[in-house]
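K.L.:
Quick one: sequence and predicted model below, then my questions.
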Amino acid sequence: MKKLNKWELCPDGTFKCLWKQFKANLGFNIALIIMVLVFVLCVFVGANAQTATYYHDKYEGRKTSNGDIFRQNKLTCASNDHRFGNILRITYKDKFIDVRVNDRLDTPIHNVIDLSKLAFTMLADTPKGRIKIKIKIIKK
């Protein structure tokens, strides 16, 4: 069978030849469709999934990146992805809290947020140390 380009009609004026080519390459086409679906899921579903940890106690009383004094008993966080002053809604399972961004992380890591101990314990037990969360910007 002559290989047709995607816009060329079969000699009888239909697309039957293209359908035959599609069926002949079905394994490749399915693999391509799966790759596209995985990419779309990673981009649109995974984009909002992030990791939360909490500050070590040694940072208590130190200055944050925006000049505030860090306190473990305040609802604040450090993020490299959000602006200072933004209010973020952090959701973990069926719980959520609103925190204010007032610090940056020491390393250039993205999709990670450091919560104050109070904020973290309102979502999960501290022995967990690291949890998967969703973030929504409430106020810019």
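P.N.:
Right, received. Where do you want to start? Everything quoted here is computed from the prediction, not taken from an experiment.
K.L.:
What segments of this protein are strands?
P.N.:
49-54, 76-79, 87-92, 95-103, 112-115, 131-139 (DSSP state E).
K.L.:
For Asp68, find the nearest of these.
P.N.:
Between Asp68 and the strands of the chain, the tightest spacing by C-beta to C-beta is seen for strand 95-103, at 4.8 Å. All C-beta atoms are positioned from the backbone trio N, CA, C, and that covers glycine.
K.L.:
before we move on, back to that, need the strands of the chain in a markdown table (columns: distance to Phe70).
P.N.:
Below are the strands of the chain laid out as a markdown table (distance: least, C-beta to C-beta, whole Å):
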| stretch | distance to Phe70 |
| --- | --- |
| strand 49-54 | 12 |
| strand 76-79 | 7 |
| strand 87-92 | 17 |
| strand 95-103 | 7 |
| strand 112-115 | 10 |
| strand 131-139 | 20 |
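K.L.:
Dump those to JSON lines, plus mean neighbour count and distance to Ile34.
P.N.:
JSON lines is the format used below for those (neighbours: other C-beta atoms under 10 Å; distance: least, C-beta to C-beta, whole Å):
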{"stretch": "strand 49-54", "mean neighbour count": "18", "distance to Ile34": "21"}
{"stretch": "strand 76-79", "mean neighbour count": "24", "distance to Ile34": "34"}
{"stretch": "strand 87-92", "mean neighbour count": "18", "distance to Ile34": "30"}
{"stretch": "strand 95-103", "mean neighbour count": "19", "distance to Ile34": "34"}
{"stretch": "strand 112-115", "mean neighbour count": "23", "distance to Ile34": "29"}
{"stretch": "strand 131-139", "mean neighbour count": "15", "distance to Ile34": "25"}
